[in-house]
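**Q** Pasting a predicted model and its sequence here:
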Amino acid sequence: EADIYQTPRYLVIGTGKKITLECSQTMGHDKMYWYQQDPGMELHLIHYSYGVNSTEKGDLSSESTVSRIRTEHFPLTLESARPSHTSQYLCANHPERGDNEQYFGPGTRLTVT
Amino acid sequence: AQSVAQPEDQVNVAEGNPLTVKCTYSVSGNPYLFWYVQYPNRGLQFLLKYITGDNLVKGSYGFEAEFNKSQTSFHLKKPSALVSDSALYFCAVRVLNQAGTALIFGKGTTLSVSS
């Protein structure tokens, strides 16, 4: 089990609003990831963290930002939401013991109107 | 460039028939390969992986995958499909980046099993 949680599961919000998508884990793994996925489409890595105070941008450019102040939390923030941000956002972690498989949270489906 | 490809957007099979979901990869070095499944409105669930050893790996829910180095493939298989297997399937490969390792995912294949 990944024991990785995301809130909210669904969010509909107006353009220009600031939003934070929460991702939390109970297993204390250092490595965490954020992916963006359009419906039925491939995943794109947008952010990752290899530990506290470590954050990096992924392969897909994103206007979102992340922080990693505590091992348990890896929130993603959009300062000013736009319709182009409408997507599903998936958070994942990676146990240190293992062969690089990642375990995913249930995702947050964001709709910006 | 390191990549993974799933050549089929959709695979349709009848319940009880064998299924195959195709995946090919391009990486430098020895490949670490993974399969994930995604049900509607859910996150991805890890199914199985190939790291080394036996080319046929077994995973969750009766799925297995065959690693073929000469064909650079890692096809997902199941001897007898169930309607409940209908979902979106992703193949992934480990790659090295500036901070360590990451996974690259294929575009996904929708499996539809009819009763």
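**A** Alright, I've got the coordinates.

**Q** so what's the closest residue to chain B within chain A bridging to?
**A** When distances are taken as CB to the nearest CB, chain A reaches nearest to chain B at A:F104, 3.6 Å away. Any C-beta I mention is one placed from the backbone N, CA and C, and that applies to glycine too. Beta bridges link A:F104 to A:A92 when assigned by DSSP bridges.

**Q** Quantify the burial of it by counting its neighbouring residues.
**A** Neighbour count for A:F104, taken as other CB atoms under 10 Å in any protein chain shown: 22.

**Q** Show the contacting residues for it.
**A** A:2, A:4, A:90-92, B:36, B:43-45 (CB atoms under 8 Å, 6 or more residues apart in numbering or on different chains).

**Q** which bits of chain B sit near chain A?
**A** By CB under 8 Å from any CB of the partner chain, the residues of chain B that approach chain A are B:32, B:34, B:36, B:41-46, B:49, B:51, B:88, B:90, B:94, B:98-108, B:110.

**Q** Let's see that with 6 Å instead.
**A** Selection of chain B residues close to chain A by CB under 6 Å from any CB of the partner chain yields B:32, B:34, B:42-44, B:46, B:49, B:51, B:94, B:99, B:101, B:103, B:105, B:107-108.

**Q** In the residues you listed, find the pair that's most separated.
**A** B:R42 and B:A99 (28.2 Å; CB to CB).

**Q** Those two: which has the busier surroundings?
**A** Just comparing B:R42 and B:A99: by other CB under 10 Å the higher neighbour count belongs to B:R42, 16 against 12.

**Q** how would you label the closest residue to that one other than its chain neighbours: helix, strand or coil?
**A** Once flanking residues are discounted, B:R42 sits nearest to A:P106: 5.8 Å by CB to CB, 6 or more residues apart in numbering or on different chains. Assigned state for A:P106: coil (three-state reduction, DSSP: H, G, I helix; E, B strand; the rest coil).

**Q** got the buried residues for stretch A:59-74?
**A** Residues of stretch A:59-74 classed as buried by neighbour count (16 or more other CB atoms under 10 Å in any protein chain shown): A:62, A:64, A:66-68, A:71-72, A:74.

**Q** and the least confident of those?
**A** Minimum pLDDT across the buried residues of stretch A:59-74 is recorded for A:S62, with 86.

**Q** what's the nearest residue to it if we skip its chain neighbours?
**A** In space, A:S62 is closest to A:I46, 4.0 Å off (CB to CB, 6+ apart).

**Q** Check which residues of whichever helix or strand that neighbour is part of are buried.
**A** For A:I46, the host element (DSSP states H and E) is strand A:43-51. Buried residues in strand A:43-51, counted by 16+ other CB under 10 Å: A:43-50.

**Q** Indicate each strand paired with the helix or strand that comes right after that strand and its parallel or antiparallel sense.
**A** Using DSSP H and E, the helix or strand that follows strand A:43-51 towards the C-terminus is strand A:54-57. Strand pairing for strand A:54-57, determined by DSSP bridges: strand A:43-51 (antiparallel).

**Q** State the helix or strand in which the most centrally placed residue in chain A lies.
**A** Chain A has A:W34 as the residue nearest its centroid, 3.3 Å off, counting by CA atoms, centre = their mean. In this assignment (DSSP H and E), A:W34 forms part of strand A:31-37.

**Q** Could I get the average pLDDT for that strand?
**A** The average pLDDT within strand A:31-37 is 93.

**Q** sorry, back to before: looking at the contacts of A:F104, which are in strands?
**A** Assigned to strands by DSSP state E, the following of these qualify: A:4, A:90-92, B:36, B:44-45.

**Q** No further queries at this time; thank you.
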